[in-house]
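K.L.:
have a look at this fold, sequence not included:
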């Protein structure tokens, strides 16, 4: 049985949830998130809005996939409600000689030790805020999945090097340093 799915998701103040045309729409002060309910896996659960809560239930309690999607959809609804009310942030920083980031228009420009600057278009619904130094920045948005995917794309531009300790890091990420070649 799903522990995440069996508890109803409370709708926060200032947030509205509506189901129409197989799409769950969550609107709040920070924006709007839409969850499709007609996909292969989302069709295995029933979602209803009842007196200030969103209730998710499996269509077939005996089916293993249906029970798995029960918890997944409950977490997706919870993330959507949290995103439109509080928003999601992913703080990152760069470490290395000459490494820096900047926002130019709707693009994030990374100088990460390559012969060229890496220009990444910022997806719609996200924003990038620069920190105190040119090596620190924060990705902000209402969609948890989109924030995480964009942060992962940035992280893959220059992965953390365990020998020299340089690269693009998440705040709080620790890498194990390795000893280099000995003479």
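P.N.:
Everything's here; your move. Nothing here was measured: the structure is a model prediction, and the numbers come from that model.
K.L.:
thought residue 69 was touching residue 46?
P.N.:
No. Here residue 69 lies out of contact with residue 46, judged by C-beta atoms under 8 Å, at a distance of 10.9 Å. (C-beta placed from N, C-alpha, C; glycine too.)
K.L.:
which neighbours do the two have in common?
P.N.:
With contacts defined as C-beta atoms under 8 Å, 6 or more residues apart in numbering, the residues adjacent to both residue 69 and residue 46 are residue 58.
K.L.:
who has more neighbours out of the two?
P.N.:
Neighbours of residue 69 and residue 46, each counted by other C-beta atoms under 10 Å, are more numerous for residue 69; the result is 24 against 13.
K.L.:
helix/strand/coil for residue 154?
P.N.:
Secondary structure of residue 154, reduced to three states by DSSP: H, G, I helix; E, B strand; the rest coil: helix.
K.L.:
next one: stretch 138-155 to chain centre, how far?
P.N.:
For stretch 138-155, the gap between its own C-alpha mean and the chain's C-alpha mean amounts to 5 Å (C-alpha atoms, centre = their mean, to the nearest Å).
K.L.:
give me the buried positions along it.
P.N.:
Taking 16 or more other C-beta atoms under 10 Å as the neighbour-count basis, stretch 138-155 is seen to contain the buried residues 138-144, 146-147, 150-151, 154-155.
K.L.:
outline the domain layout of this structure.
P.N.:
The chain breaks down into these structural domains: 9-85, 88-170 (assignment by automatic domain parsing).
K.L.:
what's the least confident stretch among those?
P.N.:
In terms of average pLDDT, domain 9-85 trails the rest of the domains of the chain, at a mean of 88.
K.L.:
tally of neighbours for the spatially closest residue to residue 37 that is not a sequence neighbour?
P.N.:
Taking C-beta to C-beta, 6 or more residues apart in numbering, and ignoring the residues beside it in sequence, residue 37 has residue 22 as its nearest neighbour in space, at 4.7 Å. Summarising burial for residue 22: neighbours were counted as other C-beta under 10 Å, giving 12.
K.L.:
contact partners for residue 22?
P.N.:
With the criterion set at C-beta under 8 Å, 6+ apart, residue 22 makes contact with 36-38.
K.L.:
ok, the residues you listed vs residue 57, which is closest?
P.N.:
When these are compared for distance to residue 57 (C-beta to C-beta), residue 37 wins out at 13.0 Å.
K.L.:
is it correct that the closest one is in contact with residue 25?
P.N.:
No. With contact taken as C-beta under 8 Å, residue 37 and residue 25 are classed as non-touching, separated by 10.5 Å.
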